[in-house]
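A.B. asks: return a 3D structure for these sequence lines:
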Amino acid sequence: MGIDPALMTQLINGMKRASHTLPDIGLQVERTLTDLGISLWGPAHLSSIGRQLNDRVPTLQGRLDLILATPDRRLGERGLLWADESPWLSKSPAEGTTAATALAARLRTKIASHSLDAESVAELERHKNDPFFAVAFLTLVPPRELKSLIARTYCSDLPPGDRPLLYDTAVQDRFLTMLSTLLGTASHGVGRMRLAADYADRLIEDIDHPQDAFAVKRLLQDGDFDHTFLLTLVRKLHDKDLAHPPDLSLPRDPWTLPGPRDVSPGDLSPMGTALIALAHHPAVAQDFFTDPARKPLAYLMRTHPWLGDADADLGWALQAATTEFRDHDLPPGGSRGYKSALIASWAVRFWSDPKVQSNLPSTRPHLGTLLSQYIADVHRSAQLFSKEVPGVVSGLDPDKDLHGWKPYGSRFDADEAKKAMAWAFEDDETFKAVTAAHGLYAARMLDELAAKVATEVERGFTAWQEVHPEATRQQRDNMRQDILEERMVRSGGAEFAAATGSLGVTTWIITNSANISSIAKAKADDIRLGIFKKLTEQVVGLLPMPSGKFVGLMADTAKGFIFDKVSPTHEEQARLDADTALGATKHMFTDLTASVMMRHGLFGEPFAQTHPYYFKDFSPGAPGHFIEDGAIKPWGEMNADQRSAYEEWLSLHVTGRVFGTPDDAVALSFKEAEKHYAGDGS
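C.D. replies: Down below sits the predicted model:
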């Protein structure tokens, strides 16, 4: 249904005025006709019309309010607001109340006798997106009764010995999902069609009782909730949690726990009931985590004890709050991206604390996703060699090493980030994600700088040609090569070398954090060492991201490219001096740097002395030909002859005329990183 909200409001206001004025006009017309001696029945109908208009106003106003509150509404042409009204089985509040009354009675009867059936649940499902029904149903079944119905759904109202084992809870689970969905639908109500103002308070009454906590947890798990409603509810749950912290040392009798008798209900602390809802509503999670009065992040990560896998739910909520929104086109006060970066900076600080790591053992993958999204900030912090206070990089250009638009960044302390990574990298998938993100970031940065050098070379050569139009081809080729070699040691080339060095520092930190930097601590067949070697063998195949994308979004794609493509036999052919991750890293940056330079023509034309094709042993047709489609093949895809030829070419003095400076920068960066960040990753 499409409406213009402004015109609809004018119509409603006009109908209100007309409903009052039409009866008066009718009386005036009737008196005038009577004075003239004319008998006419028509004008009396104006009073009836006025009453009809007045009766229609609440329905129209309620519908306008609900459309404005509908999550899936969209603005169309000419300012029309479109909302999908097709799921609304009830066309008025009265219809919604009638349907809700009948179905509530039916469900009460079924659940009281523990005979809830699929047909009753299916009928409820038909109304899941009907706001008139949802508000009416949750008004007719108030919070206390609603929670009681949920308990009886799983026979939790029976004595422990009489509770049956529910081998199939599909119907019960569908029922609770629908109740959560209806609560979400009703939470968007406005005006007269809304839940009572004290609904949240009544919902969390007796939250310290397991039955009530279980019911609230399930009611918040699946619905699409109004922002204010859910935020208010979560804040109240936090305050109750803080007032009565959970004590995991207390015994938990499995026979008295809610839900199916043979299934653990999980963490039933007040905040434990809200974590999944926060994960599903990142904006609410942001506003809750950044609440200046409560400051809940420290309490939830450092102090609150979590039962079962609830800490993973907290990690999920933190991941959503830090990665769902990334922007830099709004001022800090109105920016979701700013809040994302702020929460990320504090979360990484907390994650670096061994106490938090012990409290949140299942959150490693979520920390890995966060670090992958903020890999540019991890890189920047590694270059500072100084302590950083958590905060946001809110300047106009958060990452000045890359071109294009970038979102708000986080301020990380490098030592803290390293401690957090050392713990997170105990999970191999987390290690893969972060190393792939860093490889992608490095490819993007070096590609941009190589393109800059190539442009400088072309500009300088073009200027020389204009002055020397009569030069021979040999003279032109020699001059192009001279300009290339000169540019590789200053200007753009010096910047390129500096970038390889700075990226080397970050790589050293990531490698050292994985605790695989020393062969004494990681055997050659260590899983994480194998993972890193695969990364080093394939990273040159990573294509730089388009401008305007931030690296973290591409990390999963990069991870798949690297680790799905390499066959196990490549591990047997790994470089002999790459037994350690740091050795493999040195080769990775050698390969990456060479690959980027080749892609942008920084080894000269094919006949130049610094290009592989200058030598027949490396040219097409030779066993050692290691170029494919104008690019250096990834090490993991070379055969033995190609690898030998490639290593020989890199070691030639003549190749060092363009490659020596960036190659040396990597070695120096490793020494600098070890000097400032010495120590294993534990």
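A.B. asks: tell me where the stretch 51-200 of the chain has strands.
C.D. replies: Ranges of strands within the stretch 51-200 of the chain are 74-75, 81-82, based on DSSP state E, counting those that start in this stretch.
A.B. asks: make that the chain, sorry
C.D. replies: Using DSSP state E, the strands found in the chain span residues 2-3, 74-75, 81-82, 391-393, 409-411, 627-628, 631-632.
A.B. asks: mean pLDDT for these: which is lowest?
C.D. replies: When those are ranked by mean pLDDT, strand 81-82 comes last with a mean of 46.
A.B. asks: could you give me the average pLDDT of stretch 122-135?
C.D. replies: Computed over stretch 122-135, the average pLDDT equals 88.
A.B. asks: please spell out which residues along it are buried.
C.D. replies: 123-125, 127-135 (16 or more other CB atoms under 10 Å). Using the backbone N, CA and C atoms, a C-beta is placed for each residue, glycine as well.
A.B. asks: JSON lines for those residues, including distance to Thr21?
C.D. replies: Output for the buried residues of stretch 122-135, formatted as JSON lines (distance: CB to CB, whole Å):
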{"residue": "Glu123", "distance to Thr21": "45"}
{"residue": "Leu124", "distance to Thr21": "45"}
{"residue": "Glu125", "distance to Thr21": "46"}
{"residue": "His127", "distance to Thr21": "39"}
{"residue": "Lys128", "distance to Thr21": "42"}
{"residue": "Asn129", "distance to Thr21": "38"}
{"residue": "Asp130", "distance to Thr21": "35"}
{"residue": "Pro131", "distance to Thr21": "32"}
{"residue": "Phe132", "distance to Thr21": "30"}
{"residue": "Phe133", "distance to Thr21": "35"}
{"residue": "Ala134", "distance to Thr21": "36"}
{"residue": "Val135", "distance to Thr21": "32"}
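A.B. asks: which helix or strand in the chain has the lowest average pLDDT?
C.D. replies: Across the helices and strands of the chain, mean pLDDT, DSSP states H and E gives its lowest value to helix 569-572, namely a mean of 41.
A.B. asks: out of everything not next to it in sequence, what's closest to Thr177?
C.D. replies: Distances taken as CB to CB, 6 or more residues apart in numbering place Asp222 nearest to Thr177, at 4.8 Å, with adjacent residues excluded.
A.B. asks: what does Ile483 give?
C.D. replies: Gly460 (4.6 Å).
A.B. asks: and Tyr614, how many residues sit next to it?
C.D. replies: 19 (other CB atoms under 10 Å).
A.B. asks: check contacts around it.
C.D. replies: With contact taken as CB atoms under 8 Å, 6 or more residues apart in numbering, Tyr614 is in contact with 606-608, 654.
A.B. asks: looking at it now. What's its pLDDT?
C.D. replies: 94.
A.B. asks: show me where the stretch 351-500 of the chain has its helices.
C.D. replies: Counting by DSSP state H, counting those that start in this stretch, the stretch 351-500 of the chain has helices at residues 354-359, 364-373, 375-384, 414-424, 428-467, 473-487, 492-513.
A.B. asks: and those helices, which is most packed in?
C.D. replies: helix 364-373 (a mean of 26; mean count of other CB atoms under 10 Å).
A.B. asks: surely Met421 meets Leu371?
C.D. replies: Yes. In this structure, Met421 is within contact of Leu371 by CB atoms under 8 Å, at 6.7 Å.
A.B. asks: what is in contact with these two at once?
C.D. replies: In contact with both Met421 and Leu371: Val434, using CB under 8 Å, 6+ apart.
A.B. asks: Arg487 is in contact with the residue nearest to Ile483, correct?
C.D. replies: Yes. The criterion here is CB under 8 Å, and Gly460 meets it with Arg487 at 7.1 Å.
A.B. asks: nearest to Arg192, out of the helices of the stretch 351-500 of the chain?
C.D. replies: helix 364-373 (41.9 Å; CB to CB).
A.B. asks: how distant is stretch 378-397 from the center of its chain?
C.D. replies: Computed by CA atoms, centre = their mean, to the nearest Å, the chain-centroid distance of stretch 378-397 equals 21 Å.
A.B. asks: how long is it from one end to the other?
C.D. replies: 16 Å (CA to CA, to the nearest Å).
A.B. asks: for His280, give me its contacts.
C.D. replies: 224, 320.
A.B. asks: let me fix that: Glu485
C.D. replies: By CB under 8 Å, 6+ apart, the neighbours of Glu485 are 610, 657-658.
A.B. asks: mind checking which of these are in helices?
C.D. replies: 657-658 (DSSP state H).
A.B. asks: closest to Ala312 among the contacts of Glu485?
C.D. replies: Val658 (49.7 Å).
A.B. asks: pretty sure the closest one is touching Met488, no?
C.D. replies: Yes. At 4.6 Å, Val658 and Met488 qualify as touching, with contact defined as CB under 8 Å.
A.B. asks: find the residues that touch each one of these two.
C.D. replies: Taking CB under 8 Å, 6+ apart as the contact rule, Val658 and Met488 both touch Leu602.
A.B. asks: count the residues that sit near Gly621.
C.D. replies: Neighbours of Gly621 using other CB under 10 Å come to 6.
A.B. asks: need the contact list for the spatially closest residue to Lys110 that is not a sequence neighbour.
C.D. replies: Counting by CB to CB, 6+ apart, Leu116 is the residue found nearest to Lys110 once chain neighbours are left out, at 4.8 Å. Residues in contact with Leu116 (CB under 8 Å, 6+ apart) are 107, 110, 153, 171-172, 175.
A.B. asks: how about CSV for the residues you listed, with neighbour count and pLDDT added?
C.D. replies: Listed next are the contacts of Leu116 as CSV, based on neighbours: other CB atoms under 10 Å; pLDDT from 0 to 100:
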residue, neighbour count, pLDDT
Leu107, 21, 95
Lys110, 19, 93
Thr153, 27, 89
Val171, 16, 89
Gln172, 20, 87
Phe175, 25, 93
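A.B. asks: what would those look like in JSON lines with distance to Ala437?
C.D. replies: Output for the contacts of Leu116, formatted as JSON lines (distance: CB to CB, whole Å):
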{"residue": "Leu107", "distance to Ala437": "49"}
{"residue": "Lys110", "distance to Ala437": "52"}
{"residue": "Thr153", "distance to Ala437": "44"}
{"residue": "Val171", "distance to Ala437": "44"}
{"residue": "Gln172", "distance to Ala437": "42"}
{"residue": "Phe175", "distance to Ala437": "42"}
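A.B. asks: kindly indicate which of the residues you listed lies nearest Pro332.
C.D. replies: Phe175 (44.0 Å).
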